[in-house]
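Enquirer: got a structure for you, letters missing:
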C-alpha cells in the first residue's frame with residue numbers, strides 16, 4: 001500500500017514539474033508579447049493623433065471650399 005501511494009506521489013511530482021516548465025515557457029512567451037503590445041499601443045496613439053490632424057485639415061479644406069464657392073457665386077466687381 002505504501003509503495004502504491006509513493007508511486008502516485010511520484011507521478012504527482014512529475015506532473016507538477018511538467019507544469020512548472022510549462023508555466024515558465026508561458027511566461028517567456030508572454031514577455032515576448034509585451035513588446036508587441038507596447039508597439040500596438042504606440043501605433044494606436046499615433047493613429048489617434050493622425051485622426052485629429054486629419055479632422056483639422058478636413059475643416060480647413062471645407063472652409064476653403066466654402067470661400068471658393070462663395071467667390072464663384074458672387075464674383076467681385078471688375079475694376
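Expert: The structure has been received and is ready for your questions. Since we're looking at a predicted model, the values are computed, not measured. Residues are numbered from 1 along each chain as shown.

Enquirer: give me the element residue 29 is part of.
Expert: helix 2-73 (DSSP states H and E).

Enquirer: show the average pLDDT along that helix.
Expert: For helix 2-73, mean pLDDT rounds to 87.

Enquirer: quick one: list the elements packing against that helix.
Expert: With contacts defined as 3 or more CB pairs under 8 Å, 6 or more residues apart in numbering; DSSP states H and E, helix 2-73 has no helix or strand neighbours. All C-beta spots, glycine's among them, are computed from the backbone N, C-alpha and C.

Enquirer: centre of the chain to that helix, how far?
Expert: 4 Å (CA atoms, centre = their mean, to the nearest Å).

Enquirer: against residue 68, how distant is residue 21?
Expert: Residue 21 sits 70 Å away from residue 68, going by CB to CB, to the nearest Å.

Enquirer: that should have said residue 38, apologies.
Expert: Residue 38 sits 45 Å away from residue 68, going by CB to CB.

Enquirer: and what of residue 54?
Expert: Separation of residue 54 from residue 68 (CB to CB): 21 Å.

Enquirer: do the same with residue 18
Expert: Relative to residue 68, and taking CB to CB, residue 18 is found at 73 Å.

Enquirer: next one: residue 75
Expert: Counting by CB to CB, the gap from residue 75 to residue 68 is 12 Å.

Enquirer: residue 50 now?
Expert: 26 Å.

Enquirer: spatially central residue for this protein, please.
Expert: Geometric centre of the chain, nearest residue: residue 40, 3.4 Å, by CA atoms, centre = their mean.

Enquirer: how about stretch 52-71: buried residues?
Expert: Residues of stretch 52-71 classed as buried by neighbour count (16 or more other CB atoms under 10 Å): none.

Enquirer: neighbours of residue 26, how many?
Expert: 10 (other CB atoms under 10 Å).
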